[in-house]
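[1] Got a sequence here, can you build the structure:
(2 chains)
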Amino acid sequence: MQHSTNRATAMFAVPGMELSEQGNFSIGTGCYCLHQRVYASLWGRVSFQETGEANSLRIDIQPRTRSQRSTCVPTVGDEVIGKVLKVTWRAVVVEIFAIQEKLLCYTFRGVVRLPDVATTSSDKIDLHNCFRPGDIIRAQVVSLGDPQAYYLSTSRSCDGVIYAMSSADPNQRI
Amino acid sequence: MERRISQRYGPFFEPIHSLEREYQRTRPNNAPRSLVLNTGTVVDAAGSGYVELGKTKVIVAVQGPRPPIRIRGGVENTMNGRITCEVVKSSFCYYSYESTRMANVGRGVSEEERLLSTRLVRVFEPIVILDKYPKCSIDLYVVILEDDGSAFAAMTLATSLALADASIEIISVVSSVTVAISTKQEYLVDPDRTESECAVGLITVSLPLHAAQLCEIQHTGKLSIQVWLSAVQLAVEVAQTIGNSMCQFLLQEMEKNETPSLCS
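    Presented below is the predicted three-dimensional model:
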């Protein structure tokens, strides 16, 4: 078992490698804590970041990537970008293809329900006036939803349609 | 047009004991065969691993985490992540006397392949941190190119390489080894085909390297408790050495990949 004090090998981690004792470290991505010790859970490069508090470092592991696309999974609070597949009176079905500007390997199914479209007077909104199939929208994940889809929300001011084609001229961008 | 051979060809008779008398093990009893490791063998997969244990050759490709493909007829209501596995033995691979007698389950999946895949899922369910992948499925595709004994140990090694390559969060790298107990009560580490067919008992141990735990012990044959205990102890020791060399390999691969980018 190698210890992180060795500088040459401390740069890289293998899943299960002991990184440090818990002490002044907080856990970032790719690490887990067991019996007051920090272990790596990914294969990649270890980086230490200062969190701003005194004597505290955050340990992160950047996974070794072969492709440009990342293998992360949407979690609650993530900002996602997706393409509208279907618009109904009650909900909009979205195909999520990016999380926080990072492209994904696989697309996930998401749903924006009518109450989550806007914060005010959601009962007066006609979803067909807001979204059309093919639009690219930005949204926030509010919950993991049902087994079929993630529940998304576009109620924040920065969310909504970010790219769409004109219905009059299919080549023109709105 | 040649007709497709649908029948698996294996030995038509049970192995005879004269086979054992002629056979001589060329290496020491506690030495495993030469090990070849590789990652990134399959281009399209999220991660892949290749392991050669002597003549046993196994390729594993990992897809995912991806949204589960819904199987028609049954809607699955699990919010947890899950692992699915598909094991395929190549058609030119060796089939033991027992495996040729096993019934085909249908759709080309034999009973033996299904058994191997459920075992592999059971080894890796506690190892993968499934809480981080809610609602997603991680798919393992295993191809056994050649089976010259200890195929399951090779499968476990290749799968943990592939999971590390796919950047899926796992508790630790998993190492595995098979120990055969011969009729002369010798412990043969990493037995090949003849040794494992003539053995009284076979024990396969899988363990996560950095935690003082065991994932799984598989045991066939009738053994006394003392023999069993010492065989498991031997297997754990050998598995730890194999796992350490696997870690060394992963670190070396990482350094090899990183060095050019630092220079430029």
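[2] For stretch A:132-142, C-alpha coordinates in CSV please.
    C-alpha atoms of stretch A:132-142 as CSV (Å, rounded to 0.1, in the frame of the first residue of the first chain):
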residue,chain,number,x,y,z
ARG,A,132,-41.5,23.1,-29.9
PRO,A,133,-39.9,19.8,-30.7
GLY,A,134,-36.3,20.3,-31.7
ASP,A,135,-35.6,23.3,-29.4
ILE,A,136,-32.5,23.2,-27.2
ILE,A,137,-33.3,24.1,-23.6
ARG,A,138,-31.3,24.7,-20.4
ALA,A,139,-32.9,23.4,-17.2
GLN,A,140,-32.2,22.3,-13.7
VAL,A,141,-32.7,18.8,-12.3
VAL,A,142,-35.2,19.1,-9.4
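[3] Give me the distance from that stretch to the chain's centre.
    Stretch A:132-142 sits 14 Å away from the centroid of its parent chain (C-alpha atoms, centre = their mean, to the nearest Å).
[4] Show me which residues of it are buried.
    Buried positions in stretch A:132-142, judged by neighbour count with 16 or more other C-beta atoms under 10 Å in any protein chain shown: A:135-142. The way it works is simple: take the backbone N, C-alpha and C, and place the C-beta from them, glycine included.
[5] Excluding chain neighbours, give the residue nearest to the residue in chain A positioned nearest to chain B in space.
    Nearest residue of chain A to chain B, counting by C-beta to the nearest C-beta: residue A:16, 2.8 Å away. Sequence neighbours aside, residue B:172 is the residue nearest to residue A:16 in space, at 2.8 Å (criterion: C-beta to C-beta, 6 or more residues apart in numbering or on different chains).
[6] Tell me who's in contact with that neighbour.
    A:15-16, A:39, B:127, B:208-211 (C-beta atoms under 8 Å, 6 or more residues apart in numbering or on different chains).
[7] ok, these vs residue B:186, which is closest?
    Nearest to residue B:186, judged by C-beta to C-beta, of those is residue B:209 at 26.9 Å.
[8] Local confidence estimate at residue 57?
    The chain I'm using is chain A. The pLDDT attached to residue A:57 in the predicted structure is 72.
[9] The chain in question should be chain B.
    For residue B:57, the predicted pLDDT is 92.
[10] what's the closest residue to chain A within the stretch 51-200 of chain B sitting at in phi/psi?
    Going by C-beta to the nearest C-beta, chain A is nearest to residue B:172 of the stretch 51-200 of chain B, at 2.8 Å. Main-chain torsions, residue B:172, degrees, to the nearest 10: phi -160, psi 160.
[11] Distance of it relative to residue A:37?
    13 Å (C-beta to C-beta, to the nearest Å).
[12] What ranges in the chain fall below the confidence cut-off?
    Let's take chain A. A:1-10, A:21-24, A:51-56, A:64-71, A:121-122, A:166-174 (pLDDT under 70).
[13] oops, I was thinking of chain B
    In chain B (pLDDT under 70), the answer is B:1-23, B:68-78, B:97-108, B:258-264.
[14] how about the strands in it?
    B:35-39, B:47-53, B:56-66, B:82-89, B:104-106, B:109-110, B:137-146, B:174-181, B:187-189, B:201-208, B:216-221 (DSSP state E).
[15] Pairing partners for the longest one, with directions?
    What it means is strand B:56-66. Strands adjacent to strand B:56-66 in the sheet, as given by DSSP bridges, are strand B:47-53 (antiparallel), strand B:137-146 (antiparallel).
[16] interface residues of chain A facing chain B?
    A:1, A:9, A:11-12, A:14-18, A:30, A:32, A:34, A:39, A:41-45, A:63-66, A:71, A:73, A:105-109, A:144, A:147-148 (C-beta under 8 Å from any C-beta of the partner chain).
[17] Buried only: go through these for me.
    The buried subset of the residues of chain A next to chain B - by 16+ other C-beta under 10 Å - is A:9, A:11-12, A:14-18, A:30, A:32, A:39, A:41-45, A:63-64, A:71, A:73, A:105-108, A:144.
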